Structures are given as structure tokens and as C-alpha cells.
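# This is a predicted model, with the sequence first.
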Amino acid sequence: MKVLSVASEVFPLIKTGGLADVAGALPAALEPFDIAVTTFVPGYRQVMKQLKKVTELHAFPDLFGAPARLLSASRRGLDLIVLDCPDFFDRVGGPYGDDAGQDWPDNWRRFAAFSFAAAECAQGRAGNYQADLIHVHDWQAAMTPAYLRYAMTDPLPSVITIHNIAFQGQFAASVFGDLRMPPTAMNMDGIEYYGGVGFLKAGLQAASAITTVSPTYAQEIRLPEFGMGLEGLINARAANVHGIVNGIDTEVWNPRTDPHLRSNYKPSSLKRRRENRVAVEERFGIDHDDGLLLSVVSRLSWQKGLDILAEMLDEIVALGCKVVVLGSGDSQIEQAFVTATQRHPGRIGIVTGYDEPLSHLMQGGADALLVPSRFEPCGLTQLYGLRYGCVPIVARTGGLSDTVVDHNHAAAVSGVATGFQFSPVTPETLVHAVRRAIAAYGDDKTWSAMQRRGMRTDVSWTRSAEGYSRLFNSLLQDRT
Ligand code: ADP
């Protein structure tokens, strides 16, 4: 089966969040199921620089006002089709905005063009590639099934994966005329969304099936608190909505071999984590004592609940803990952490920016990982935490509640706990969870058993890939 995976980011070429990890890892995980994935990505400046040998598949003289080419390439085991369109993608900054965090004003055009080109390619109308099924990710690629729907009488089967329903690609109705869609598409059953156009909405209407990245989130987005305006549509399509929890790349994230760790280790040599802990403390200017070392690796945003953590830092430090934060995003949240480091030198440290090697070291050295998200479609950091024996302390929501087993009385007695959950997400429940973690940390046997259990939890892609494979096969069967 040939699947065209359409994604606006893919690890290791370009990454701003979990979507890149998923798009990067799923192709290899699907290979054993006889599914050959080709990944369709934008030719951002950062991506083009990493390509070595490329073959031109097709040229678009005018793709939404710009010349563009489709290039076939491969990189670290990924088969790629890259949309080389300098007018849209050769820019200084990130995939979606400039270095100041301002969205590119023509994002609607950039990602409509991207989705249009992917739809042409999938149908075999742009080069010699042709897909059996398309798998698109998030709003940036969501228009692909919509283009197919209006271009083909019997559209290719398509799956859309929602990594975060908060990002919807909503634009003014005035752009509709430039989207190369038939006038009939501008209605409730098509692309129209609260008077404007909605890219994610159009994809959710058009795709054969919808997946999201955990079973709990698949249920949550049926509710107004989580559906963010799309709950009606999700409910209407509930029979076609599936929750498949993400895995992680267990080669890249392997404490036995990870080159970013000062000391590699396995479940039976947990003591070696100590050297990594010291390395983390050195990097953040933190005291070397026995206090519980809590870490955060995250976008600093309201979604992630880090404003709540910032509010409780004095109390958490008073409990004897140390806190290290790696993240970037909301400047107010960032500032709250920076001022806390000044109040508590040696107890709180922050590194702002994006630092992949440091994120590995923190997982391999900190005692626990805090994830106080208000909502979390799947979450990857808690999966890395499990794999690295960095015990996750998480909000009970979305994928966090599906992947961490709370250390409550029953779980402790039966020996299945892998971390701590709290809900609702409030300053008080967060601190209460930290207190519970401190108590468990105080008992060496309990703590190391929990670490080892986490490390032995299957967080690989195998089970998730099975879920995608089953879904893809059922859609192909429906078509024949
Ligand atoms: P989201 O996709 O909502 O940001 P996830 O937990 O699904 O959250 O994925 C976040 C990914 O980005 C993880 O791989 C995490 O390690 C990584 N990450 C987040 N912030 C940073 C950072 N500042 N430096 C390095 N890696 C980061």
C-alpha cells in the first residue's frame, strides 16, 4: 500500500512540536505492515539545506501565484517529496512565522498551495508518483482531502490526524476566491466556518476517517471545552473518529545508547542516572543536594498549564524541590520563571529556546517531569519520561491520562503505577501531586520500582502502527 503522508513538519528535517515526531517515526513503524509511506513536506530553507540528491518530479509554473517544483529525495530512511517553492518557503524564521513569533500573513496561501500540490501528486497528476491513500496532519495539510473531494468523482481514501484541535487554520472569507475550489465548496458542509474559511474544518468534512492522538482526546473533543467550535462536526462524524495513541522513536530515545547523556543506563543500572543529574544541575546552575529534581521540557503556553506552575514555584521550592525548565513561547510565562530563578538561585533554573540535546539530558537526569497541561492531545514528553525513568507527574487529561498510571493506593499495592496524575488542573492539585511524589521519592525501593516499570512500558510505535494499519486497510477495502 502506498501512502502519501502530508505534513508541515517532519523530524529530523524540521520540528516545532510533536507533529514532527509522529510524521518522522510513523513511516518506519508502518513498513512491517507492507505500507510504504512517502512524506510530502514544504521546502523550507532549513529543509532544502539538508537535501543531498534530489530528482525533479514535476514543475508547477504557477502554484497559487508562484513557480514551484516537486522534488523527490530521501533523508535518514524517509522517502520524501519536497515542495520547493522559494516564494512561500525560503524564508528566515520558523515554518509558520517570523523569528518574532508573528504568523506569516500569507499562511493561508502557503498551506493551500501545499495541500493543493499534495492532492495533485497523490492522484498521479504531478510526476510519476501515485498514492493508494493519503494521510494528512493538522490544518496545514487539511485542505488536501478537500481538494481531492472536489477534483475526483471517487476520491482517494484519506485519513486526517488531529494533533491539536486548537490550531484550526481559520481565515477571512475573502481568501476563498483564491483557493481554486468550486463555489459549491463555500458552505457548511465544505470549507465555510463561522462566516470565514476553516482549513481544518474542510479536511474534517472531506476525509474518509479522522484520527486523533489518544482515545481520551478523541472523546474530549466531542465536548465544547475541548472541541473549540468543532465539537458539533466531531459528534456528527463520531463513527469515523478514532483515537490512536502516539508512540516514540525508541532508537532516538534510548537511555542505553543516547549520545546526549553523560552516562548511559538501563533499568538494572539506574544509579548511573546520578551523573546525568549532576550534568543537568551544572547546566542550570542548580545545587547538588538530595531534593527532588523536577523538570519541564515544553512550549511555554497556557495550554501547557505552565502559568499555574510558575504561580506555585515558591511553594514547591519550600518543599525542598529543585525545578529546571527548558522552553520557549509566551513571554509572560517565561518572565515569571526568570524572576523565580532570581528569587531562588540554585533552586530554579531556566534555559529558554529550543535545545534537543538538552531535552534528552534532562529526561536522563531529572527525577521527575512535570506536565500540568490544561489539555493535551497525546503529549510526548511523558512518554520520553517513562522510557528514561524520569517519573511523569501529569494532568489527568487527553493522552496524559491514557499513558501514565497514577500511583494511587490500588496501583501502588498491585505494583502497576508509573507516575502521578492530578485533576482538575489547579495550583493546589499540582502541589498536592508534587507532595505525593516527594513522599514516594523518600522511599528508594518504591521510587526505583516505579522508574523501572516506566522504562519497561511499551511506548514504541508498534501498537500505534497496528492501529493505523488496520484503519488504512479497512478504508481501502471499503473502496473496492
Ligand atoms: P506539543 O506538540 O504540544 O508541543 P508534545 O509533548 O506532543 O507537545 O511534543 C513536544 C515535543 O517537542 C517533544 O519532543 C519535546 O521534547 C519537544 N520540545 C518542546 N520544547 C522543547 C525545547 N524547548 N527544547 C527541545 N525540545 C522541546
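Thanks, I have it.
# Let me see the contact set for residue 9.
Residues near residue 9 by CB atoms under 8 Å, 6 or more residues apart in numbering: 15, 16, 17, 19, 20, 23, 41, 95. For every residue, glycine as well, the C-beta is placed using N, CA and C.
# Residue 395 now?
305, 371, 372, 373, 374, 376, 421, 422, 423, 425.
# Just among these, which is most surrounded?
Within the contacts of residue 395, most neighbours by other CB atoms under 10 Å means residue 376, with 31 neighbours.
# check contacts around that one.
So residue 376 contacts 217, 303, 394, 395, 397, 398, 399, 400 (CB under 8 Å, 6+ apart).
# Mind checking which of these are in helices?
Per DSSP state H, helices hold the following members of those: 217, 398, 399, 400.
# Of the contacts of residue 9, which is the nearest to residue 290?
Proximity of the contacts of residue 9 to residue 290 (CB to CB) peaks at residue 17, which lies at 34.0 Å.
# Would you quantify the distance from that closest one to the ligand?
According to CB to the nearest ligand atom, to the nearest Å, residue 17 and the ligand sit 3 Å apart.
# now that residue: how far from residue 121?
Distance of residue 17 to residue 121, given as CB to CB, to the nearest Å: 25 Å.
# quick one: which two of the contacts of residue 9 are the most distant?
17 and 41 (15.0 Å).
# Just want to know which of these two has more residues nearby.
With neighbours defined as other CB under 10 Å, residue 17 and residue 41 compare such that residue 41 has more, 28 against 15.
# tally of neighbours for the nearest residue to residue 287 once chain neighbours are set aside?
Take residue 287 and drop its neighbours on the chain: the residue closest to it by CB to CB, 6 or more residues apart in numbering is residue 346, 4.3 Å away. The tally of other residues near residue 346 (other CB under 10 Å) stands at 15.
# I'd like the numbering to begin with 38 instead of 1 from here.
Done: numbering now begins at 38, and the last item shifts to residue 383.
# Please tell me I have it right and residue 383 contacts residue 323.
Yes - applying CB atoms under 8 Å, one finds residue 383 in contact with residue 323, separated by 6.1 Å.
# list residues touching both of these two?
Jointly contacting residue 383 and residue 323 under the rule CB under 8 Å, 6+ apart are residue 359.
# Output the helix or strand bottoming out on mean pLDDT in the chain as CSV, restricted to C-alpha atoms.
Scoring the helices and strands of the chain by mean pLDDT, DSSP states H and E places helix 446-451 at the bottom, with a mean of 91. Listed next in CSV are the C-alpha coordinates belonging to helix 446-451 (Å, rounded to 0.1, in the frame of the first residue of the first chain):
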residue,chain,number,x,y,z
HIS,A,446,-3.3,3.2,46.7
ALA,A,447,-4.7,0.4,44.5
ALA,A,448,-2.0,0.9,41.8
ALA,A,449,0.7,1.0,44.5
VAL,A,450,-0.5,-2.2,46.1
SER,A,451,-0.7,-4.1,42.8
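# counting contacts, what elements does the helix or strand just after that helix pack onto?
The element immediately downstream of helix 446-451 (helix or strand, assigned by DSSP states H and E) is strand 457-459. When contacts are defined as 3 or more CB pairs under 8 Å, 6 or more residues apart in numbering; DSSP states H and E, strand 457-459 packs onto strand 428-432, helix 464-478.
# and the shortest one with helix 464-478, angle?
Angle, strand 428-432 to helix 464-478, by axes from the mean of the first three to the mean of the last three CA atoms, to 10 degrees: 160 degrees.
# Quick one: mean pLDDT for strand 428-432?
Averaging pLDDT along strand 428-432 yields 98.
# Distance from it to the middle of the chain?
17 Å (CA atoms, centre = their mean, to the nearest Å).
# Same question for the last one.
Using CA atoms, centre = their mean, we find the averaged C-alpha position of helix 464-478 to lie 27 Å away from the chain's own average C-alpha position.
# and that helix, which residues are buried?
Residues of helix 464-478 classed as buried under the neighbour-count rule (16 or more other CB atoms under 10 Å) are 464, 466, 467, 468, 470, 471, 473, 474, 475, 477, 478.
# In the helix or strand that contains residue 181, which of the residues would be classed as buried?
Taking DSSP H and E as the definition, one finds residue 181 inside helix 175-188. Going by neighbour count (16+ other CB under 10 Å), the buried part of helix 175-188 is 175-188.
# So residue 291: helix, strand or coil?
coil (DSSP: H, G, I helix; E, B strand; the rest coil).
# This structure against the ligand: which residues are in contact?
54-55, 58, 334-336, 363-365, 391-393, 396, 415-418 (CB under 6 Å from any ligand atom).
# all strands of the stretch 338-487 of the chain, in order?
Under the criterion DSSP state E, counting those that start in this stretch, strands of the stretch 338-487 of the chain are mapped to 359-366, 385-389, 405-408, 428-432, 457-459.
# helices and strands around the first one, which ones?
Judged by 3+ CB pairs under 8 Å, 6+ apart, strand 359-366 is in contact with helix 310-321, strand 330-337, helix 343-348, helix 350-355, helix 368-380, strand 385-389, helix 393-402.
# in stretch 366-382, what counts as buried?
366, 367, 370, 371, 373, 374, 377, 378, 381.
# Once you drop chain neighbours, what's closest to the last one?
Yep, that's residue 381 we're talking about. Using CB to CB, 6+ apart and skipping residues adjacent in sequence, the residue nearest residue 381 is residue 354, 5.0 Å away.
# So that neighbour is in contact with residue 385, correct?
Yes - using CB under 8 Å, residue 354 and residue 385 qualify as a contacting pair, with a distance of 6.6 Å.
# Kindly provide the distance from residue 234 to the ligand.
Separation of residue 234 from the ligand (CB to the nearest ligand atom): 25 Å.
# Kindly report the same for residue 444.
For residue 444, the distance to the ligand - CB to the nearest ligand atom - is 21 Å.
# so what's that residue closest to, chain neighbours aside?
Nearest non-adjacent residue to residue 444, counting by CB to CB, 6+ apart: residue 454, 3.8 Å away.
# how's this protein carved up into domains?
The record assigns the chain these domain ranges, following automatic domain parsing: 39-284+499-516, 304-492.
# out of those domains, which comes closest to residue 290?
Each of the domains of the chain was scored for nearness to residue 290 using CB to CB, and the closest is domain 304-492 (5.4 Å).
# gap between the two ends of that closest one?
By CA to CA, to the nearest Å, the extent of domain 304-492 from end to end equals 7 Å.
# what's in contact with the biggest helix by length in the chain?
Using DSSP H to define each element, the chain has its longest helix at helix 499-516. Contact partners of helix 499-516, identified using CB under 8 Å, 6+ apart, comprise 38, 40, 63, 66-67, 69-70, 72, 169-170, 172, 191, 194, 196, 245-246, 248, 279, 281-284.
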